[in-house]
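Colleague: Structure for the following, please:
(chains A and B)
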2 protein chains.
Amino acid sequence: MKLEGLSIIGQSRARPAGKPKPAVNPATGTTLEPGYFWATSADVERAVQLAAEAFVEFRRWPGGRRANLLRRIAELIEGHAALIQQRANQETALPPGRLQGETARTCGQLRLFASLIEEGWWCDARIDHADPNRKPLPKPDVRSMRMPLGPVAVFSSSNFPLAFSVAGGDTASALAAGCPVIVKPHQGHLGTSELVGLAAQQAAQNCEAPEGTFSLLFGPGRDVGLALVKHPLIKAVGFTGSRSGGRALMDAAAARSEPIPVYAEMGSVNPVFLLGGALEQNAETIAAGLHASVTQGVGQFCTNPGLVFVEYSAAAQIFLQKLEGAMAATPPGTMLTAGLCAAYRSGVEKFSRTAGVRRAANVPVEAVQDGAQAGAALFVTDVATFLDNPALMDEVFGPATLVVKCGAREHLLAAARQLEGQLTATIHGIPEDFSANQELIAILETKAGRLVCNGFPTGVEVCHAMTHGGPYPATADGRSTSVGTRAIERFVRTACYQNFSEAALPDALKESNPLHLWRLVDGNWKRP
Amino acid sequence: MKLEGLSIIGQSRARPAGKPKPAVNPATGTTLEPGYFWATSADVERAVQLAAEAFVEFRRWPGGRRANLLRRIAELIEGHAALIQQRANQETALPPGRLQGETARTCGQLRLFASLIEEGWWCDARIDHADPNRKPLPKPDVRSMRMPLGPVAVFSSSNFPLAFSVAGGDTASALAAGCPVIVKPHQGHLGTSELVGLAAQQAAQNCEAPEGTFSLLFGPGRDVGLALVKHPLIKAVGFTGSRSGGRALMDAAAARSEPIPVYAEMGSVNPVFLLGGALEQNAETIAAGLHASVTQGVGQFCTNPGLVFVEYSAAAQIFLQKLEGAMAATPPGTMLTAGLCAAYRSGVEKFSRTAGVRRAANVPVEAVQDGAQAGAALFVTDVATFLDNPALMDEVFGPATLVVKCGAREHLLAAARQLEGQLTATIHGIPEDFSANQELIAILETKAGRLVCNGFPTGVEVCHAMTHGGPYPATADGRSTSVGTRAIERFVRTACYQNFSEAALPDALKESNPLHLWRLVDGNWKRP
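Modeller: Numbers count the residues shown, from 1 in each chain, chains lettered A, B, ... in the order given. Take a look at the predicted model:
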């Protein structure tokens, strides 16, 4: 696999056009070879037309055949893992161990979706049999199942160069559903994206997928990206990034003559509630765990806990003392890009300037002014200041968190009610805390996609039950998840067949059940 | 139950404000008592605040308790059926038999959703157990299930004064999900809406539902309706009506600071494809069936077949002759409102004026100029004219249809490709026709929510497998259905719990499975 700096359009490469843009090593600020050529509007058109043509065949592939494609992508990523991880390390400053873990996660996701579509139950096949003798009217035979929507545009993330990027969760779930994918990679890891894109291209060729099943177009989001979202043949969008970027895509999609769904994961401050009993018993352990969750990966997780509400007490003071010490002792780390680091510093400064917010002592943020390096930041305030300053709910992407001291249960409730939609909300409590705070938990259930008990929100398990999504503005569509097998449901609609003959029905709906699916038959779930 | 012409806000009535508007009998053009007072902006605010407060409790009701509420609404509608049907007949000119059937359908829908939430499997409960020994990181316990979104605004239809109105499918599915409902009734049947609203209000009281679980606000869509859609505490919208009305709500919802889902069913021309073999064998039967489907209920169904593509042959000539005779012999009927009738006449006129479109002989549309009466209209054209005139795909709501003669298979394919999104597409064919037209069927699968084989699209069965929805512009969200049990999925999101104790988990996710649900446990569906 050789880097050429050119977009991938089906089984070919785009031609160079314009001036190439360099990839950058954020740790050194130096540029990396090769330069990258942005896709032209003709490239966009070609990739979309190919995707629409591919859809005609690809949507009808049996699940097992699509599963082979997903597994082949995983194999090829693993086959080139050293090369991919080396480049990713140069482009993102993420350490080798993390990139190895992310490679495993990416391939695990591809294989999870492969198993899902091989098993087939995800398509929610339903059969209601006819009753010609029903009065006053005969009952028809009605059958339905999930079907893919069409070509999907995927905008990859900055912070997961593999797991939420070119062959990440959005691509895996869209391909699994039967939708061709066009990826607009993040500019923070152009070479990594090209390498993974080449793996996907080769896998498509190996599996004889119709050309256009996968393409990858380099370019800016507001240019190449918006052109994709506005194209009439694109039928859905997956995105991981900033709120402003996600909202721009949502607005563009809603303004189309045919509006389409946008699944944008736009970040979250992931509030943590530390209740009295838990602090009484585990103040130091909680402080250590929270510190690790805030600072790991230089705080660059969408599930990073950026707000901590503490039921204040003597135990809480111990917690805070311990947390302050750990944050102060945190060595600075290199962020993914100089741009993210500048945004982090400006967020830290905004919090520092807010009256009533104390910048906890000895945290060496200002000491670090070189390149893309960021130091940890801890802020402490009281609930009145928090409630008066909605800007304190803004995400500061990086290793920062704000502790809000709450003197009474009403403060916790008021703070919870004020929260915007979140990916996660975390509660530390002993059983008595949970019994005494049922109202708090009920509020958080309506605010967050995932509630975490006595743990930390970072680390999103890839499994059937996971929800990585939450009410707006955490995601564009709070009904959806971008992690776990339910992610496939974002790229489907339900197709229904009335009075079709056995021969004319899709296999999943044939009376003989050749795919051995669980199905809802006349209102009862039937084992194959 | 006494008509007062006042909105219903929880357990109280709105106060009269402004000048009352009369309900109208479309058959006579005369007004009906009482006059109706439009809701004020204060009424909207009060109803929404009450709904948001009600949600706190209502969302936590066990399925069985919500089922009782739905069943009680059905009982009260049945208890006052004679009164409701009499008023509905006066307001809509729909005949008593149809209104009896619609009452049965409405109550059947309420009871179907009651059974669904009693059974409970709809909530899609999933459990992935912890593995503390997994390397490199321990695996958490993750569980998730569907949860209601929040207060829902329902805009009721003109053409189903009961089944898609105040206590119709949208209301039934939203209440079943656990969402309080505020209905904006259609102005075509104000008294019917008030009567059914009173039944829902009384049921809510009988079942001790929190006040605000149900409200009904009279007023214009662009005033009361838009105020509801823009209110920050409304979390989803259900709508049945025109494309312009639905799109206005979609645009308003997308422009909110927190966009919300809109499920608008905006009509369809429901193309019918008559293939050669079927015409050869059944030309006359098909003509009779199509005539009945086009003209029943004065053509006022969203599944009315407005476009018929005919594989032209000698048999097709017999079909067309028979259809012309039947259409010409159709007596005129009274439409739901004078406004709909005027729109119908103008649609008929537009088609009549289109060059290349023949107005089939002896159809007495112009003979009928009184009140809201409409005569059947049949148009015939060739595929070239159809392909050149996209306006011929416009819905003419009423007893009209356009037959398009197609000389070759390529014509059928070209016509199918040109179609917009549809609620339904129908194919008449013998097995040989289906084998020979697989490409046509594949195209139609991507164009319509429901494919009908050798039948007619009118008559939408209420069952688990039904899809009444389709790609835009048939509906705002082609992923959804407004009929059948999947309709409940429109008003939910997925809530996820990580490492929660048995006591703190919702019943549906407890290890002990006290609700005896089907659940996906560690990737396997487990019988209770």
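Colleague: Residue A:401 contacts residue A:292, doesn't it?
Modeller: No. Contact criterion Cβ atoms under 8 Å: residue A:401 and residue A:292 do not qualify, at 11.8 Å. From N, CA and C alone the C-beta is placed, and that goes for glycine too.
Colleague: Those two: who's more crowded?
Modeller: Taking neighbours as other Cβ atoms under 10 Å in any protein chain shown, residue A:401 and residue A:292 compare with residue A:401 leading, 27 against 13.
Colleague: For that one, give me its contacts.
Modeller: Applying Cβ atoms under 8 Å, 6 or more residues apart in numbering or on different chains, we find residue A:401 in contact with A:290, A:294, A:304-308, A:377-379.
Colleague: Check residue A:517 too.
Modeller: A:120-121, A:123, A:125, A:508, A:528.
Colleague: hmm, try it at 10 Å
Modeller: Residues near residue A:517 by Cβ atoms under 10 Å, 6 or more residues apart in numbering or on different chains: A:63, A:119-125, A:145, A:507-509, A:526-528.
Colleague: Tally up the residues packed near the closest residue to it other than its chain neighbours, please.
Modeller: Nearest in space to residue A:517, with sequence neighbours left out and distances taken as Cβ to Cβ, 6 or more residues apart in numbering or on different chains, is residue A:120 at 4.9 Å. Using other Cβ under 10 Å, residue A:120 is surrounded by 21 other residues.
Colleague: Please report how far residue A:120 lies from chain B.
Modeller: Counting by Cβ to the nearest Cβ, to the nearest Å, the separation of residue A:120 from chain B is 12 Å.
Colleague: next one: phi and psi at that residue?
Modeller: Reported as degrees, to the nearest 10, the phi and psi values for residue A:120 are phi 90, psi -20.
Colleague: Quick check: it touching residue A:488?
Modeller: No. With contact defined as Cβ atoms under 10 Å, residue A:120 and residue A:488 do not form a contacting pair (11.6 Å).
Colleague: Find the nearest non-adjacent residue to residue A:98, please.
Modeller: In space, residue A:98 is closest to residue A:297, 6.5 Å off (Cβ to Cβ, 6+ apart).
Colleague: Do I have it right that that neighbour meets residue A:304?
Modeller: Yes. Counting by Cβ under 10 Å, residue A:297 does reach residue A:304; the two are 8.4 Å apart.
Colleague: intersection of neighbour lists for these two?
Modeller: A:159, A:398-399, A:458.
Colleague: Can you add secondary structure, distance to chain B and neighbour count and give the residues you listed back as JSON lines?
Modeller: As requested, the shared contacts of residue A:297 and residue A:304 are arranged in JSON lines below (DSSP: H, G, I helix; E, B strand; the rest coil; distance: Cβ to the nearest Cβ, whole Å; neighbours: other Cβ atoms under 10 Å in any protein chain shown):
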{"residue": "A:159", "secondary structure": "coil", "distance to chain B": "18", "neighbour count": "27"}
{"residue": "A:398", "secondary structure": "coil", "distance to chain B": "23", "neighbour count": "28"}
{"residue": "A:399", "secondary structure": "coil", "distance to chain B": "20", "neighbour count": "28"}
{"residue": "A:458", "secondary structure": "coil", "distance to chain B": "11", "neighbour count": "19"}
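Colleague: Which of the residues you listed sits closest to residue B:340?
Modeller: Within the shared contacts of residue A:297 and residue A:304, distances to residue B:340 taken as Cβ to Cβ reach their minimum at residue A:159, with 54.2 Å.
Colleague: mind listing what the closest residue to that closest one other than its chain neighbours touches?
Modeller: The shortest distance from residue A:159 to any non-neighbouring residue, by Cβ to Cβ, 6+ apart, is to residue A:300 (4.6 Å). For residue A:300, the contact set (Cβ under 10 Å, 6+ apart) comprises A:92, A:94, A:157-160, A:333, A:335-336, A:340, A:344, A:374, A:397-399.
Colleague: switch to 7 Å and redo it
Modeller: A:159, A:335-336, A:397-398 (Cβ atoms under 7 Å, 6 or more residues apart in numbering or on different chains).
Colleague: Okay, now the unreliable bits of the stretch 351-500 of chain A?
Modeller: Residue ranges of the stretch 351-500 of chain A with pLDDT under 70: A:361-370.
Colleague: just so I have it, where are all the helices in it?
Modeller: A:383-388, A:409-418, A:431-436, A:438-447 (DSSP state H, counting those that start in this stretch).
Colleague: Make CSV out of those helices and add mean neighbour count and distance to chain B.
Modeller: CSV is the format used below for the helices of the stretch 351-500 of chain A (neighbours: other Cβ atoms under 10 Å in any protein chain shown; distance: least, Cβ to the nearest Cβ, whole Å):
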stretch, mean neighbour count, distance to chain B
helix A:383-388, 17, 18
helix A:409-418, 17, 11
helix A:431-436, 16, 5
helix A:438-447, 18, 6
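Colleague: and residue A:176, which of these is closest to it?
Modeller: Per Cβ to Cβ, nearest to residue A:176 of the helices of the stretch 351-500 of chain A: helix A:438-447, 29.1 Å.
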